[in-house]
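no FASTA, just this:
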């Protein structure tokens, strides 16, 4: 049974949030914490429910050793706010949508993902969907950086719960 849980959130759950899910899952597995940390992703909009991640996201992630092929898009559900310790939005718009939907007791669980990368050059992960191949690489750079900070945070949380 997992002891800590993270939900990554973007608009459609086909680019940024599945990339974050795949990268963070890889880092959690490398740390040997796969049985203790539950990881998922979802979208604030139901545009792509059941769809695989964008082929460009999959290709760029695979080049770095992350497999996104088994992931499928879903929308944020009301129960997610109680089920997950953190709901990490990729940008300000999706954070605002999460905060609007979030029951008050769980408000502190909603944060920007890049808050775990204080040295990142931006505060939000930009949407690469209408961008270039380089934009997908930039997303991976930011996601890897924030995942390292998030993993350190999760280690501390798990130690406190032990």
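Structure received. Note that the structure is predicted; figures quoted are calculated from it, not measured.

the lengthiest helix in the chain packs against which elements?
Criterion DSSP state H: the longest helix present in the chain is helix 133-161. Counting contacts by 3 or more Cβ pairs under 8 Å, 6 or more residues apart in numbering; DSSP states H and E, helix 133-161 packs against strand 4-10, helix 16-30, helix 55-63. Just so you know, the C-beta spots here come from the backbone N, C-alpha and C atoms, and that holds for glycine as well.

please state the offset of the shortest one from the chain centre?
Taking Cα atoms, centre = their mean, to the nearest Å, the mean C-alpha location of strand 4-10 is offset from the chain mean by 5 Å.

got the buried residues for the longest helix of the chain?
135-136, 138-140, 142-147, 149-151, 154 (16 or more other Cβ atoms under 10 Å).

cool, stretch 72-86 as well?
So, applying 16+ other Cβ under 10 Å, buried residues of stretch 72-86: 73-76, 80-81, 84-86.

let me know whether residue 57 touches residue 66 as I believe.
No: here residue 57 does not reach residue 66: they are 9.7 Å apart, not a contact under Cβ atoms under 8 Å.

any shared contact partners between those two?
Residues within reach of residue 57 and of residue 66 at once, by Cβ atoms under 8 Å, 6 or more residues apart in numbering, are residue 19.

that's all I had, so thanks and see you.
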